[in-house]
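Asks: okay, here's the prediction I keep looking at, along with the sequence it came from:
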Amino acid sequence: MAATDISKITEKSTWQDITPGNQVYGAGTSRSFKTGEWRTQTPVWIKEKCKQCLLCVPVCPDSSIPVKNCEREDFDYDHCKGCGICAKVCPFDSIDMKEGQ
Amino acid sequence: MATKYNFKEVMNKPERLAPGHRMCAGCGGTIAVRAVLRALHEGDKAVIGNATGCLEVSSFMYPYTAWEDSYIHNAFENAGATLSGVETAYNVLKKKGKIDDTYKFITFGGDGGTYDIGFQSLSGAMERGHDLVYVCYDNGAYMNTGIQRSSATPRFADTTTTPVGSQSNGKLQGRKDLAAIIAAHNVAYVGQTTFLGNFKDIHTKAESAIYTPGPAFLNIMAPCPRGWRYDASDIMTICKLAVETCYWPLFEVIEGKWILNYEPKKKLPIEDFLRAQGRFKHLFKPGNEHLIQQFQDEVDRRWEDLQYNCSRG
Amino acid sequence: MSIRERLSGNEAIALAIKQINPDVMPAFPITPSTEIPQFVANYIANGKMDTEFIPVESEHSSMSATVGASAAGARALTATSSCGMALMWEELYVAASNRLPLALALVNRALSGPININCDHSDSMGARDSGWLQIYAENNQEVYDNMVQAFRISEHKDVLLPIMICQDGFITSHAVENIELLEDAVVKNFVGEYEPENYLLNPEQPMAVGPYAVSNYYMETKMGQRAAMHNAKQVILDVAKEFEEISGRHYGFFEEYCLEDAEYAILIIGSAAGTCKDAIDALRAQGKKVGLLKLRVFRPFPAEEIAAALSHCKSLAIMDRSDSFNGNGGPLGAEVSQALYNARSSVLAVNYIYGLGGRDIRVEDFEDIYNRLETIAATGEITDQFDYIGLRK
């Protein structure tokens, strides 16, 4: 069976459109849910200060610090919940927490 | 067994827990999950099991799954039994030539679903020798239902079923030493760990757990900002204090041999760990010094017992 | 080409399981089903099966592991009775709602208390709302035949529901009777391979099973189960037809014994049907028009078919081997009455409870019931709507 297209499954779907047994075929469908809307404070990456030590990467509960070629990229603001762990952990003050979204 | 830890290379691995799950901001549970899954070798597939709890309801809320691997949630008390069935199915189907790929079996449970209601099922799975890993993300209470005490909750903790009041100082009993109980099942690997520095300890233990044939158990202290009452951003400080006070020692048991992974140069007083959390606030009222001393004595006794086990070689 | 043998019900179902050669069987012992995992373990120990047996530490774990194995892509089943089924109750609902086509060999035994190891139907009847297919047997031949058909029904793409194959504890499970077996190759060919479309161990595509879902999804999921249960009716008949071609034995939703022209009928599940048939033979010899509807398929419940089969009868005794404690009767009483009511039937029906905790029911008891039915039909009055047969009072 093809991967579940979850854009077609909503709380208004008919019973015929719900997958049998609520099984979901495929993976990582949560990406389409934007938990970034939860934030009341937002991390800002000060690229110039960042030494790419990557110590912020494992402490993010929301997988919101993407890494490519062993270097971190900017925050995934679609999903970052603004918990502030990364800012506390950064040894080089290269993450600022700003109020609001 | 574990490959040499190259921090940056490990951080560069594809993410196996997608964002968009509903865990609280700052939750220790998903930090633990990400760390464990990073230990899977690339190309190896996994089936993830999960007991009911914070992680399960937040990571698979129909139709959103945060898992990049196959995943099964069954009920609260049977993560061990459920994944035993999956692992056995794999063995059979592999023998019949129906599956080629290498699969690893990792099941996650909170302390509720592991120490208490899931205890029997965990014990059975460990005893039968299935090649799977049981990971307990220990946040020290039944957090998903609103912070009720579990047998993993530390003594004197304020929880909703052991509330502090005029007649009560919080939880009466100390913590169950589950890692030791599982070690007594003579399993292949037991590791106790948490989040420190560049996550080397948790990574190497997860890798050992996954790639040592046979049953493995990981006990990961995963602080809960809501239940423990500390500022969510301070989780790494909390973990460091837990280790430096020897409240949460880092050790392994490999085929019955106890190994201490870390001995603090300067063992901090347990007060430092307790003071950082709102759930122990009452211990700092004047007149309660003897309670802190009781806690300290227990930490010291367990630390001595652990050192003795590890010294036996 | 059939093989003649003499087997107990447990031996027969274990032999069917051997011929099916499923992938995984977790199990925990409980009287009187214990022999089934023991026979299977023995077959495996002697290289006669490729099945992996998991000796789990409780019945909750045996169904949990069966759920895990089935979701993973394996053909899986377990066996239990009574309190073992009660312990796995939550898992029965999980198996059905996750649409897993696994099987359960259930040997009917009374639920505690007092603790009792003998036959009644309180265990499987207690699970009648769990969403499982339920098929019952009168004797070891039917148990064997039902087990051979089981996976063909449960794994059908229009069904995908778990199935329980029931037999009476001790009466069927432990009593040795003559039986006709099918050859290994015939069974293997009939049952076929399990080829699930979606499964956890599918390397092409991962799958997530068992979500949390909000209220806006729950009812739609249940409707999916209901639709599958409805589809099962035809699938059961189709599979039975195919089975008849290889065995010569005919199965449907129920067996009608002297029912066609019967004025007074009994409806019953299980081994007591055999005793009733003896009573029928005796009474028919006296010219009484008595008959029996022996129900085989309880889930899905063939309401219209039952009502149609009984439509010409004047009076009916619905026999329950478990009590619902609703003050009115047992589960069959409720469901058959509903069927008759919906069909606007004029049959005068009573509901009798019998055989609880293994209490014996005799030919004379059935003869007595038919006499009562005759009186009811004659007078048009029911004095005892509900009764316990064989109770000392």
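Replies: Nice, thanks for sending it over. Numbers count the residues shown, from 1 in each chain, chains lettered A, B, ... in the order given.
Asks: in the stretch 201-313 of chain B, which residue sits nearest chain A?
Replies: Nearest residue of the stretch 201-313 of chain B to chain A (Cβ to the nearest Cβ) works out as residue B:233 at 3.3 Å. Heads up, the C-betas are built off the backbone N, CA and C, glycines and all.
Asks: that residue belongs to a helix?
Replies: Yes - with DSSP: H, G, I helix; E, B strand; the rest coil as the criterion, residue B:233 is part of a helix.
Asks: distance-wise, check residue C:392 relative to residue C:359.
Replies: Distance of residue C:392 to residue C:359, computed by Cβ to Cβ, to the nearest Å: 10 Å.
Asks: please, which helix or strand holds residue B:204?
Replies: helix B:200-211 (DSSP states H and E).
Asks: that helix: which residues count as buried?
Replies: B:201-211 (16 or more other Cβ atoms under 10 Å in any protein chain shown).
Asks: helices or strands next to it in the packing?
Replies: helix B:28-38, strand B:133-138, strand B:189-193, strand B:216-221, strand B:251-254 (3 or more Cβ pairs under 8 Å, 6 or more residues apart in numbering or on different chains; DSSP states H and E).
Asks: contact partners for residue C:25?
Replies: With contacts defined as Cβ atoms under 8 Å, 6 or more residues apart in numbering or on different chains, residue C:25 is in contact with C:17, C:37, C:40, C:51-54, C:66, C:76-79.
Asks: same for chain B: which of those residues are within range?
Replies: Among these, the residues lying close to chain B (Cβ under 8 Å from any Cβ of the partner chain) are C:51-52, C:54, C:66, C:76.
Asks: how is chain A divided into domains?
Replies: A:1-33, A:34-101 (automatic domain parsing).
Asks: now those domains in JSON lines, with mean neighbour count and distance to chain B?
Replies: Converted to JSON lines, these look like this (neighbours: other Cβ atoms under 10 Å in any protein chain shown; distance: least, Cβ to the nearest Cβ, whole Å):
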{"stretch": "domain A:1-33", "mean neighbour count": "17", "distance to chain B": "3"}
{"stretch": "domain A:34-101", "mean neighbour count": "17", "distance to chain B": "3"}
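Asks: tabulate these (a markdown table), appending distance to residue B:170 and mean pLDDT.
Replies: Output for those, formatted as a markdown table (distance: least, Cβ to Cβ, whole Å; pLDDT from 0 to 100):
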| stretch | distance to residue B:170 | mean pLDDT |
| --- | --- | --- |
| domain A:1-33 | 36 | 94 |
| domain A:34-101 | 26 | 98 |
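Asks: of all those domains, which one is nearest chain C?
Replies: Nearest of those (Cβ to the nearest Cβ): domain A:1-33, 3.6 Å.
Asks: residue nearest the centroid of chain B?
Replies: residue B:220 (2.6 Å; Cα atoms, centre = their mean).
Asks: list the contacts of that residue.
Replies: Contact partners of residue B:220, counting by Cβ under 8 Å, 6+ apart, are B:32, B:35-36, B:135-138, B:192-194, B:202.
Asks: try 7 Å this time
Replies: Applying Cβ atoms under 7 Å, 6 or more residues apart in numbering or on different chains to residue B:220 gives the contacts B:32, B:135-138, B:193-194, B:202.
Asks: before we move on, what about residue B:90?
Replies: B:99, B:103, C:72, C:201.
Asks: cutoff 10 Å now
Replies: Under the criterion of Cβ atoms under 10 Å, 6 or more residues apart in numbering or on different chains, the neighbours of residue B:90 are B:47, B:98-99, B:101-105, B:131-132, C:24, C:52, C:69, C:72-74, C:200-201.
Asks: what about chain A: which of the residues you listed touch it?
Replies: Among the contacts of residue B:90, the residues that sit close to chain A (Cβ under 10 Å from any Cβ of the partner chain) are residue C:200.
Asks: which of the contacts of residue B:90 are buried? Put it as a ChimeraX command.
Replies: The following ChimeraX selection, which keeps only the buried ones among the contacts of residue B:90, applies the criterion 16+ other Cβ under 10 Å:
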select /B:47,98,99,103,104,105,131,132 /C:24,52,69,72,73,74,200,201
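Asks: give me the helices and strands touching the single longest helix found in chain C, please.
Replies: Across chain C, the longest stretch assigned as helix under DSSP state H is helix C:215-247. Using 3 or more Cβ pairs under 10 Å, 6 or more residues apart in numbering or on different chains; DSSP states H and E, the elements in contact with helix C:215-247 are helix C:89-97, strand C:133-135, helix C:140-154, helix C:184-191, strand C:297-299, helix C:303-310.
Asks: quick one: mean pLDDT over that helix.
Replies: Here helix C:215-247 scores 98 as its mean pLDDT.
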